[in-house]
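>>> Need a 3D model of the following:
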Amino acid sequence: MSLVVLAVDDEPPALDELTYLLGRRPEIDEVLSAGDATDALRQLNEHRVDAIFLDINMPGLSGLELAGVLTKYADPPAVVFVTAHDDKAVDAFEVGAVDYLLKPLRDERLTQAISRVLTIRETSGHAEPVPPGVSGTDEVIPVELSGVTSLVRRDSISWVEAVGDYARLHSDSGAHLVRIPLSTLASRWQDHGFQRVHRSYLVALPMVTGLRTTGSTTVVCVRAHGASAAVELPVSRRQLRELKDLLIRDPMRELKSSPDDPAQR
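The predicted structure is shown next:
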């Protein structure tokens, strides 16, 4: 599968380098280029583009603002930010970027970004691009680790815990602290299989293996990626009935409950 991509940067040397690096990739059939957001919009109106590799700080319309405009398109290209600034990852998440690359570009990170774009196209089931930040119905979250920004797929996350105004994502790639409140993720992911079970916890319903009630205390058992045993998380009383209702609605689920669960008597 070959891609048509658009490189956007207001600095000619940076644009030339980005165009050159993208043009060397066997997965990319054609590389278009633009020196600002206005030129980029013109190119997008004239050509079918699968992905846009976009600088953030540009005169006039910034890269983030341009990405926001693209979310209004019926078939927007996937957005990959290429920037020298490492403090805009959360903003990139907000506009649905599929990746966030720091300058100077490293070949392995460019490979990962192109792989994500290809995955989006292949899993969409057709040749047209799908909304940025989505693989099927999946979303990605930018995380920082040792000065490197990478993105974690939502479907790789088993559960999330609140850490003040931050949230810790527990995924198949490990635990990642992000500057996003748990309440924001709970609202955003409610229609994507995640349920708030406690003021401090959000769980992925497909990863739930059972409920256990002892006296007045209930815990939900969550299968953790790569772990041999399930994690047990507390369930608040006000969330318990809604959680049970959601789990019971899934005809494919075989919930295991402890004999001392009042609901099973």
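>>> so where is this structure shaky, pLDDT-wise?
Applying pLDDT under 70 to the chain picks out residues 1, 121, 123-140, 142, 144-151, 225-228, 249-265.
>>> Break it into its domains for me.
Under the assignment automatic domain parsing, the domains of the chain span 3-136, 152-264.
>>> can you give me the strands for the stretch 101-250 of the chain?
Assigned by DSSP state E, counting those that start in this stretch, the strands in the stretch 101-250 of the chain fall at 140-145, 148-153, 157-163, 166-171, 174-178, 194-198, 201-204, 208-214, 217-222, 231-235.
>>> quick revisit: of all the domains of the chain, which lies closest to residue 143?
Relative to residue 143, the nearest member of those by Cβ to Cβ is domain 152-264, separated by 4.0 Å. Just so you know, the C-beta spots here come from the backbone N, C-alpha and C atoms, and that holds for glycine as well.
>>> any idea how far the closest one is from the chain center?
Relative to the chain's own centre, domain 152-264 is displaced by 18 Å; criterion: Cα atoms, centre = their mean, to the nearest Å.
>>> re earlier: now the domains of the chain in a markdown table, please, with extra columns for distance to residue 143 and mean neighbour count.
Conversion of the domains of the chain to a markdown table gives the following (distance: least, Cβ to Cβ, whole Å; neighbours: other Cβ atoms under 10 Å):
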| stretch | distance to residue 143 | mean neighbour count |
| --- | --- | --- |
| domain 3-136 | 8 | 18 |
| domain 152-264 | 4 | 16 |
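>>> Tell me how far stretch 59-79 lies from the chain's centre.
Its chain's C-alpha centre and that of stretch 59-79 lie 17 Å apart, by Cα atoms, centre = their mean.
>>> Give me the contact list for that stretch.
By Cβ atoms under 8 Å, 6 or more residues apart in numbering, the residues outside stretch 59-79 that reach it are 6, 8, 10, 36-38, 40-41, 44, 49-52, 54-57, 81, 83, 88, 91-92, 95-98, 116-117, 120, 128-133.
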